[in-house]
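Participant: Turn this into a model:
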Amino acid sequence: MSEIKPRDVQVSPIGNADITVLRSRTWDRLKFEVEYSLQRGTTANSYLIQAEKTALFDPPGESFTEIFLHQLQQCIDLQQLDYVILGHVNPNRTVTLKALLELAPKITFICSKAGAVALRTAFPDQELTIKVARGDETLDLGKGHQLQFIPIPTPRWPDGLCTYDPESRILFTDKLFGAHVCGDEIFDENWKRLDEDRHYYYDCLHAAQSRQVEVALEKLALFPAKIYAPGHGPIVRYSLSRLTHDYQQWSQQQKEQDLTVALIYASAYGNTATLAQAIAKGITKAGVSVESINCEFTEPAEIEAAIEKCDGFIIGSPTLGGHMPTQVQTALGIVISTAAKTKLAGVFGSYGWSGEAIDEIESKLQDAGYRLGFESIRAKFKPNEVTLQQCKEIGTDFAQALKKSKKLRNPSQPVSNSQIDRTAQAVGRIVSSLCVLAAKRENVTSGMLASWVTQASFNPPGFTVAIAKDRAVESLTHTGDQFVLNILKEGMNVRRHFLKPFAPGEDRFAGLDIQDADNGCPIIQDALAYLECTVKSRMDCGDHWLIYAVVDNGKVLQSTGMTAVHHRKSGHYY
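Facilitator: This is a model prediction of the structure:
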């Protein structure tokens, strides 16, 4: 295992001599990234414009507070810092802001109207100087830096704000166009290598708010930017048009899905929003779109419209003083008076000392005659990676239940065996070995019965395996992840174990004789052989990902016995 590098702050000029980026870097995974699940490290990008006036964009979270402020003081006398511009406000960032205020108490914060409310809430006993950024106003820093502000509210970041500098033609995009990766590259010269991480970043953070992302893209198109300066990852210079097109295409794909889930929530401290994001990721990976609605910032008419057109809905709430917030109460009333009783429902929430809000929502929905698609999710304080993996699996199961329900409502005409497409019959004659793919990342373990496995290379020894996009283990098989391929012998014991349905978060290996491989993933002792593998690349193949992995180690566990082989009658199913 490679040694974890220390955290640092990389400083470099960008655009012109007036503008500097301070990239707070870690190759380890930060606490806030637990909801993101990949472990590529990250950069928290802050930007500094030093003209006649000085402005700092988006100081990082508390993981970097000390080293960031130390490096910032090497760049500027903090007494000369005039403005701090915030693309969004969250509790993680306020730790750094508090330390910055102690060093530079005269700074003026610039943020959206919702951001100003969040700031005053975060600093209830401190007098802050705040200027609300409006779309029709500019901020003159001198030397041509006439900053323009573009509010881009979304359900997850209702205080979202982008900033455009016409002098350098840099668009500071905060949560848009980023990636959670860590490296030495300041710009995106090798942008093709970022494709997987950029797409995953969009899927995790923006797929559930794709409608608002489309609106944001329309606004940003009015500004002739030549550089995107995001809050995370490499600065976008070489692939600006391509990445913009990708965001448009990914958002359009969400609109084209046949089924939609309305995900309605409020979040006092960000924990319920984290659960919502994980549930949404599970739903969208199953090919169902999500309309994310933060009811604290959404008009009743908009909630009603979303409920009328959705195929199912899920409501999330924190518990405050033993009750759900007023905004959730209002939204729940709209749901019960609007949604057909045939629509599948779900409930989730986080709490500190009690979870009455979750019980109350569940009770009201059941009393109104709605069927719940899963056992209500209750997370105490900040959810961990195990809880979030369970949320993703629950989201996927919820989406699959909607698909099944639609199929039952609109059944296709029955066909006899003689009518089955001959091409599908021919495809089904491709035989393959039966294996169990077992993966682990941190405290999350998953596995599946795999039959689409074939050797792909001799040197290095490698193979491909196809994994359906709605499989739970799929999220553990990204480039750089490791897994064990357990090659099964003839017989039904292990096969039967993995053919049964598993509940969200259920241990796939309970009851089996296993031990950990060198890479930490489960080896099934009853397998014929096993291979320890590392994912080298992924290819999008419609409803599956094709994973190419190289073999790091392997062993035959039983010298006698034949490899289990899967024979199919049709290429339409496993």
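
Participant: so where's the stretch 451-574 of the chain shaky on pLDDT?
Facilitator: Within the stretch 451-574 of the chain, no stretch has pLDDT under 70.

Participant: what about the helices in it?
Facilitator: 493-499 (DSSP state H, counting those that start in this stretch).

Participant: And the strands in it, which stretches?
Facilitator: Under the criterion DSSP state E, counting those that start in this stretch, the stretch 451-574 of the chain contains strands at 453-457, 462-468, 482-487, 514-516, 522-524, 529-541, 544-556, 565-566.

Participant: These into JSON lines, with extra columns for distance to Gly369?
Facilitator: C-beta coordinates here come from the backbone N, C-alpha and C atoms, glycine included. Output for those, formatted as JSON lines (distance: least, Cβ to Cβ, whole Å):
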{"stretch": "strand 453-457", "distance to Gly369": "46"}
{"stretch": "strand 462-468", "distance to Gly369": "34"}
{"stretch": "strand 482-487", "distance to Gly369": "44"}
{"stretch": "strand 514-516", "distance to Gly369": "44"}
{"stretch": "strand 522-524", "distance to Gly369": "43"}
{"stretch": "strand 529-541", "distance to Gly369": "41"}
{"stretch": "strand 544-556", "distance to Gly369": "38"}
{"stretch": "strand 565-566", "distance to Gly369": "43"}
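
Participant: Distance of Thr464 relative to Thr423?
Facilitator: Distance, Thr464 to Thr423, by Cβ to Cβ, to the nearest Å: 22 Å.

Participant: The two: who's more crowded?
Facilitator: Applying other Cβ atoms under 10 Å to Thr464 and Thr423 shows that Thr464 carries more neighbours, namely 16 against 11.

Participant: For the residue lying closest to that one once chain neighbours are set aside, list the residues it contacts.
Facilitator: With sequence-adjacent residues excluded and distances taken as Cβ to Cβ, 6 or more residues apart in numbering, Thr464 is closest to Ala456, at 4.8 Å. By Cβ atoms under 8 Å, 6 or more residues apart in numbering, the contact list for Ala456 reads 462-464, 548.

Participant: give me phi/psi at the most centrally placed residue in the chain?
Facilitator: For the chain, the residue nearest the mean C-alpha position is Cys204 (1.8 Å; Cα atoms, centre = their mean). Note on Cys204: its backbone torsions stand at phi -70, psi -40 [degrees, to the nearest 10].

Participant: Flag the shaky bits of the protein, pLDDT-wise.
Facilitator: In the chain, residues with pLDDT under 70: 1-5, 29-37, 411-420.

Participant: Enumerate every residue touching the nearest residue to Gln79 once chain neighbours are set aside.
Facilitator: In this structure, Gln79 finds its nearest non-sequential neighbour in Ala104, 6.4 Å apart by Cβ to Cβ, 6+ apart. Ala104 makes contact with 78-79, 81, according to Cβ under 8 Å, 6+ apart.

Participant: Residues contacting stretch 535-550, please?
Facilitator: Under Cβ under 8 Å, 6+ apart, the answer for stretch 535-550 is 196, 287, 452, 456-457, 460-469, 474, 477-483, 485, 533-534.

Participant: Got a ChimeraX select line for the buried ones in the residues you listed?
Facilitator: Entered in ChimeraX, the line below selects the buried ones among those, by 16 or more other Cβ atoms under 10 Å:
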select :196,287,452,462,463,464,465,466,467,468,469,474,477,478,479,481,482,483,485,533,534
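
Participant: Can you report how many residues lie near Met562?
Facilitator: Neighbours around Met562, by other Cβ under 10 Å: 9.

Participant: For Asn294, give me phi and psi.
Facilitator: The phi/psi pair for Asn294 (degrees, to the nearest 10) is phi -90, psi 100.

Participant: Quick check: it touching Ala266?
Facilitator: Yes: here Asn294 lies in contact with Ala266, judged by Cβ atoms under 8 Å, at a distance of 6.7 Å.

Participant: What are the buried residues along stretch 193-206?
Facilitator: 194-206.

Participant: Other residues contacting it?
Facilitator: Counting by Cβ under 8 Å, 6+ apart, 35-38, 40, 154, 156, 175-181, 188, 213, 232-234, 239, 243, 246-247, 250-251, 277, 281, 284-285, 478-479, 538 sit against stretch 193-206.

Participant: got TSV for the contacts of Ala104, with secondary structure and neighbour count too?
Facilitator: Converted to TSV, the contacts of Ala104 look like this (DSSP: H, G, I helix; E, B strand; the rest coil; neighbours: other Cβ atoms under 10 Å):
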residue	secondary structure	neighbour count
Leu78	helix	18
Gln79	helix	10
Leu81	coil	21
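
Participant: Adding distance to Asp258, write the contacts of Ala456 out as JSON lines.
Facilitator: Below are the contacts of Ala456 laid out as JSON lines (distance: Cβ to Cβ, whole Å):
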{"residue": "Gly462", "distance to Asp258": "36"}
{"residue": "Phe463", "distance to Asp258": "34"}
{"residue": "Thr464", "distance to Asp258": "29"}
{"residue": "Tyr548", "distance to Asp258": "31"}
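
Participant: just those now: which is nearest Ala399?
Facilitator: Among these, Thr464 lies closest to Ala399 (Cβ to Cβ), at 26.3 Å.

Participant: May I have the residues that are in contact with the closest one?
Facilitator: 453-454, 456, 546-549.

Participant: again with Asn90
Facilitator: Contacts of Asn90 by Cβ under 8 Å, 6+ apart are 61, 118, 270.

Participant: How about the first one: what's its closest non-neighbour residue?
Facilitator: In this structure, Gly61 finds its nearest non-sequential neighbour in Asn92, 3.8 Å apart by Cβ to Cβ, 6+ apart.

Participant: ok, that neighbour touching Pro59?
Facilitator: No: using Cβ under 8 Å, Asn92 is not in contact with Pro59, being 10.8 Å away.

Participant: Perfect, I'm done here.
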